[in-house]
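K.L.:
3D, please:
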Amino acid sequence: MSGKARLAVLLSGSGTTLQNILDRIGNGTLPAEVAVVVSSRKDAYGLIRAEKAGAPAHVVSSREYADWDDHSRAVTEVLDRYGPDLVVMAGYMCLYRFPARYEHRIMNIHPALIPAFCGKGLYGHLAHKAVIDYGVRVTGCTVHFVDNEYDHGPIILQRTVAVRAGDTADTLAERVQAEERIAYPEAIRLFAEDRLIVEGGTCKVLPGDWTPTSACGLE
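P.N.:
Presented below is the predicted three-dimensional model:
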């Protein structure tokens, strides 16, 4: 890919992930531009963030469609108008059933180490609570390409976080979110540099001037 990656950002809430992406673009560390923002809710604060950044924004309300297939078709119609290179899910609380042309062009980030503590119903603080309740010692975040299942698809990179004695979902979320703010831009940059290739269901990172060697390190 030459130049900047055109991003479509899908969100449902506050848009903190969108803001992180915009900040990285603004300071010159992420070779990308936000071509469009699509929200599943008209009251999402992420729409205000998009407006402040001068990015086109659309609402495709999940409540207005009979099922995920109809809703997904409406989302695709919006995306196709803007021709994004990459679709970035940023706290998007809907199941997007995408057409084949978007395969390996949609990313998501999950607040745990897939395939653990993931799937339908395990998102946000619910995932962190499940981690603590199970008693694991290590958690983290996972950036992956999206397929048509929840929290599934080829893993791009992961960052780890130790679970401390006395952690709550809130305290653990704070540290995991700090790693998410690093991991997601890293994955987007690898995509923009044409350094991600999926073979046999596994995503590989091609060599380059920068390699995410720290992505597997424990804090």
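
K.L.:
which residues touch the spatially most central residue of the chain?
P.N.:
The residue lying closest to the centre of the chain (Cα atoms, centre = their mean) is N108, at 3.0 Å. N108 makes contact with M89, Y92, V143, H144, V146, D151, G153, according to Cβ atoms under 8 Å, 6 or more residues apart in numbering. C-betas here are computed from N, CA, C, even on glycine.

K.L.:
any idea which of the residues you listed is closest to G135?
P.N.:
D151 (20.9 Å; Cβ to Cβ).

K.L.:
and the closest one, helix, strand or coil?
P.N.:
coil (DSSP: H, G, I helix; E, B strand; the rest coil).

K.L.:
can you give me the helices for this protein?
P.N.:
16-26, 46-53, 68-82, 124-134, 169-192 (DSSP state H).

K.L.:
with distance to C203 added, can I get the ones you listed in a markdown table?
P.N.:
Putting the helices of the chain into a markdown table (distance: least, Cβ to Cβ, whole Å) gives the following:
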| stretch | distance to C203 |
| --- | --- |
| helix 16-26 | 20 |
| helix 46-53 | 27 |
| helix 68-82 | 22 |
| helix 124-134 | 21 |
| helix 169-192 | 9 |
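
K.L.:
can I get these in a markdown table including mean pLDDT, distance to V198 and mean neighbour count?
P.N.:
Listed next are these as a markdown table, based on pLDDT from 0 to 100; distance: least, Cβ to Cβ, whole Å; neighbours: other Cβ atoms under 10 Å:
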| stretch | mean pLDDT | distance to V198 | mean neighbour count |
| --- | --- | --- | --- |
| helix 16-26 | 97 | 22 | 20 |
| helix 46-53 | 97 | 28 | 18 |
| helix 68-82 | 96 | 20 | 16 |
| helix 124-134 | 94 | 25 | 17 |
| helix 169-192 | 97 | 11 | 20 |
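
K.L.:
what about the closest residue to C203 other than its chain neighbours, neighbour count?
P.N.:
Setting aside the residues directly before and after it, C203 is nearest to P154 in space (Cβ to Cβ, 6 or more residues apart in numbering), at 3.9 Å. If you count neighbours by other Cβ atoms under 10 Å, P154 ends up with 18.

K.L.:
I'd say P154 and G200 touch.
P.N.:
No. At 9.3 Å, P154 does not count as touching G200 under the criterion of Cβ atoms under 8 Å.

K.L.:
how near is the residue lying closest to C141 once chain neighbours are set aside to L172?
P.N.:
Nearest residue to C141, sequence neighbours excluded (Cβ to Cβ, 6+ apart): E180, at 4.7 Å. As for E180, its distance to L172 is 12 Å (criterion: Cβ to Cβ, to the nearest Å).
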